[in-house]
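> build the 3D model from these lines:
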Amino acid sequence: MQLKKTLFSMAQKGALWVDDRLHIGKLFASTAGHKVPKSSGSWFYVFGSMTLVCLMIQIVTGTMLAMVYVPSASEAYTTLEYITHEQFLGWFIRAVHNYGSLFMVVIMMMHMTQVFLFGAYKFPRELTWVSGVMLMGITLGMAFTGQVLRFDQDAYWGLGIGIAIMGRVPIIGENLIHLMLGGPDIGGETLSRFFTLHVFILPGSILAIIAMHLRLVLTKGINEYPKPGHQVKKETYVQEYETIIRKEGVPFVPGAISKDLVASGLLILAILACALIFGPKGPGGPPNPTFIDTLPRPDAPFLWIFAVASLLPPELETPVLLGMPAVVGLFLILLPFINGTGEKHWSRRPVSVVSTIMIWVSLLALTYLGATSPWSPAMSAWKEDPTPVEFLEHRTPLELQGALVLQAKQCRNCHAIDGIGGKRGPDLASVGTRLTSPQLVRQIIQGGGNMPAYGQNLSPAQVDALVAYLVSLRPEGEAPARDATFPSNKKLAEAANQ
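Residues are numbered from 1 along each chain as shown. Below you'll find the predicted structure:
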């Protein structure tokens, strides 16, 4: 008995010595032990902690995968095959990472929905909301870069659609594509950049903003459960909140954490169950730029974008695909500054409730269509743009037929003519000065670089017409491209004079 007392006394003194230097007790009291309104210990308030659990799962499983994954165009797909089929429990780690990402996006959206409906974005929690919006955007970026790192057919052509959208940005579209890909083609440098984003830059940004987000939660408090008719007024709210904390506040740990623990436990079980039952996502065949994948479905968080791109008429593609994210993001950031006071309870805010229902129904419907419908995005906005007149004047009938082939086969989705069109391939305005007829025939039929092979998609007559038109595309006064293996007429004349 005396020995037990001695050991207990030594342990107690040791704990007090450590606490006196690290102030663990004060740190706990100001963080996990900080007081929150008793009414916030509700099932509606569990989504924030569940999102944090998803992030921890992603960090652990992502670290395991990064130890084996090789971000190289020649080895990335082989690496995933090895992880999936040969590495011990590799398939399970990949599956947990995949479903952890999906759950994190969905739960974060539910968290933002709850915050919006409960008016928790209002004064004095404006920056708490703004940091949450930033976290949502970066989380979507994490999901997209993770899909690219899979580097299978879906990832390759899904990135192609992303490039097509990025190329529509006015003025800087081409520069953004080069920044994204690390060059004109999807290749090894592309993977290196996306790997750096996915493993270092975006996770670091998330951790930094989460630190700020949690700091704001601690300093500005957790929103109390809203009451109908109770208005938020800047002059009185802080004092009212302090009164609530003083009268009915409870420490978050252990007073209000019980439901968070239960919800987080169920979340972990759900992620593990999905991983065991459904397995990992892909890889769905090695990326092959010569095979034109007509159905490059993205991962679940982006299926609604896939559906929108497929359903939009061509004239609306650019304004919607570029304008909608910018408008929505700006609105979400400005929301607490536009509507930062007044009623919080959803029953007194019918416009907010109807808007939320419409957004969720639209997202779910578009996601379902994106997952089940047998179509793919045409992305044909540039196909509808007329060819500039100066590139059609003084052309032969065969060359004009080639101009029609260029339009009909959607070549301008990847190639621009005098800056009008896609940015994925080189501008064709002066292609006649760079490539000869035989070189153009080989490029069109066999493909090469980042260009698919169209030998099975064009008839010989269409190839002849297209090549005739492309050869004619050169600035006035400039000679057509010449095969370097043959001497020029000038050199032949000089040789004859000698």
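> tell me who's in contact with V148.
Taking C-beta atoms under 8 Å, 6 or more residues apart in numbering as the criterion, V148 is in contact with 155, 158-159, 190-191, 194. Placement of C-beta: from N, CA and C, glycine included.
> from these, which two are the most distant?
With C-beta to C-beta as the measure, no two of these lie farther apart than G158 and L191, at 14.0 Å.
> one step back: okay if I get the contacts of V148 as JSON lines plus pLDDT, distance to N413 and secondary structure?
Below are the contacts of V148 laid out as JSON lines (pLDDT from 0 to 100; distance: C-beta to C-beta, whole Å; DSSP: H, G, I helix; E, B strand; the rest coil):
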{"residue": "A155", "pLDDT": "80", "distance to N413": "19", "secondary structure": "helix"}
{"residue": "G158", "pLDDT": "74", "distance to N413": "15", "secondary structure": "helix"}
{"residue": "L159", "pLDDT": "79", "distance to N413": "15", "secondary structure": "helix"}
{"residue": "T190", "pLDDT": "84", "distance to N413": "19", "secondary structure": "helix"}
{"residue": "L191", "pLDDT": "87", "distance to N413": "23", "secondary structure": "helix"}
{"residue": "F194", "pLDDT": "92", "distance to N413": "22", "secondary structure": "helix"}
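> strands of the stretch 251-400 of the chain, start to end?
In the stretch 251-400 of the chain, the segments counted as strands under DSSP state E, counting those that start in this stretch are 342-343.
> looking at the contacts of V148, which is nearest F28?
Scanning those for proximity to F28, where the rule is C-beta to C-beta, the winner is F194, at 39.3 Å.
> okay, now the unreliable bits of the stretch 1-150 of the chain?
Applying pLDDT under 70 to the stretch 1-150 of the chain flags the ranges 1.
> if we can go back for a sec, let's have the contacts of V148 in a markdown table, adding distance to M358.
Compiled in a markdown table, those are given as follows (distance: C-beta to C-beta, whole Å):
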| residue | distance to M358 |
| --- | --- |
| A155 | 32 |
| G158 | 27 |
| L159 | 31 |
| T190 | 37 |
| L191 | 39 |
| F194 | 34 |
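> highest neighbour count among these?
Ranked by neighbour count under the definition other C-beta atoms under 10 Å, these are headed by A155 with 28 neighbours.
> that residue and S72, how far apart?
Applying C-beta to C-beta, to the nearest Å, one obtains 14 Å for the distance of A155 from S72.
> now do I57
The gap separating I57 from S72 is 27 Å, by C-beta to C-beta.
> looking only at neighbour counts, state which of these two leads.
Each of I57 and S72 has its neighbours counted (other C-beta under 10 Å); I57 has more, 21 against 16.
> ok, the more buried one - contacts?
Here I57 is in contact with 96-97, 100, 268, 271 (criterion: C-beta under 8 Å, 6+ apart).
> farthest-apart pair in these, please.
Maximum distance among these (C-beta to C-beta): 13.7 Å, for H97 and I268.
> more crowded one of these two?
It is H97, of H97 and I268, that has more neighbours when counted by other C-beta under 10 Å, with 21 against 18.
> which secondary structure element contains that one?
Applying DSSP states H and E as the criterion places H97 in helix 90-117.
> return the distance of the helix or strand that comes right after that helix from the chain's centre.
Next along the chain after helix 90-117, taking DSSP H and E as the criterion, comes helix 126-150. Averaged C-alpha coordinates place helix 126-150 at 8 Å from its chain's average position (C-alpha atoms, centre = their mean, to the nearest Å).
> got it, and stretch 407-416?
Using C-alpha atoms, centre = their mean, the mean C-alpha position of stretch 407-416 is found 26 Å from that of the whole chain.
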